[in-house]
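Asks: A predicted structure for the sequence below; I have some questions about it.
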Amino acid sequence: MHPSRSPSAAPRRFLATALLVAAAVLAPAAHAYNKNRVATDAAGNPVRVHGSVVIIEPDIELSEVLAGGVQEPRQAWTEAARRLYPQAVHRRLEAAKVEAKPDWVIPRDLSPDVRINQILRLNEAVSVSILNYTSPGNTLATKRGKRLDWTLGPGVQELRTATGADYALFTYIRDSYTSAGQKALRIAAILLLGSDIGGGTQVGVTTLVDLRTGQVVWFNFLAKQTGDLRDEPGATATAENMLKGLPL
């Protein structure tokens, strides 16, 4: 995460916490968890993408899990992932013959008071709400079943003007990898205690928002104990998992 994005720091810390909690609860049993939702039209049919898509600069950070479980961000890994992941998403869109607008890079000097920054923060809050209230046993009474019925409101028109796109793809990923010391501790814990103290985790959430209406037309949550964003094959595999169910 870029230090200059301090206006969004608090919401993103909240999003990070929500994702890690969800990953801890949902992923361990099968070592992987993937949940996506697609909005439906008035007739109850899943919506399809009709128009162009812009990739909003992904919020990606990679860390190394040191002995003791402390996560230390790795800048070189993060920069590689921020470069490789959008390339993999573009290949996926191109394969589906979807028009992709130039990626929209979040201005480093974006004021917290401008509408676009508020949209970015609102998307984070809505993503947390979708994650929370589409989980088993925690469904809102007004959003029964698996229906995806969330919106960012008409203010998204400003982002459409800035990007020229009909849809915006928002992405948040945190990926961690165990150090040699942590791997040794995991092995020792398994041998001596019969339990795994845990290691690296890949967790992410992505949403596709219709910039004409503000509707969240698709949502996906991913939590895995494997995955690697530091090279092209790993980034491609992660993009395929993150984009599962995208209604192209």
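Replies: Arrived safely. Numbering: from 1, shown residues only.

Asks: tell me the strands beside the top strand by length along the chain, with direction?
Replies: Of all the segments of type strand in the chain, defined by DSSP state E, the longest one is strand 167-178. The sheet places strand 167-178 alongside strand 53-55 (parallel), strand 59-65 (parallel), strand 202-210 (antiparallel), with pairing taken from DSSP bridges.

Asks: rank those by mean pLDDT and give me the bottom one.
Replies: The stretch with the lowest mean pLDDT among these is strand 59-65, at a mean of 88.

Asks: okay, that one in CSV with CA atoms only?
Replies: What follows is strand 59-65 as a C-alpha-only set of coordinates in CSV (Å, rounded to 0.1, in the frame of the first residue of the first chain):
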residue,chain,number,x,y,z
ASP,A,59,-4.4,-2.7,-3.9
ILE,A,60,-1.8,-5.5,-3.5
GLU,A,61,0.8,-6.1,-0.8
LEU,A,62,3.1,-9.1,-0.4
SER,A,63,4.8,-10.0,2.9
GLU,A,64,7.1,-12.6,4.4
VAL,A,65,6.1,-14.4,7.5
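
Asks: just give me how far that strand sits from the chain centre.
Replies: 13 Å (C-alpha atoms, centre = their mean, to the nearest Å).

Asks: ranges for the helices of this protein?
Replies: 9-26, 75-95, 115-133, 157-163, 180-193, 232-242 (DSSP state H).

Asks: lowest average confidence across these, which one?
Replies: Among the helices of the chain, helix 180-193 carries the lowest mean pLDDT (a mean of 39).

Asks: tell me, what residue is most central in this structure?
Replies: Val205 (2.5 Å; C-alpha atoms, centre = their mean).

Asks: give me the neighbour count for the nearest residue to Asn34 once chain neighbours are set aside.
Replies: Nearest non-adjacent residue to Asn34, counting by C-beta to C-beta, 6 or more residues apart in numbering: Leu222, 5.3 Å away. To be clear about C-beta, it is placed using only N, CA and C from the backbone, and glycine gets the same treatment. By other C-beta atoms under 10 Å, 24 other residues sit near Leu222.
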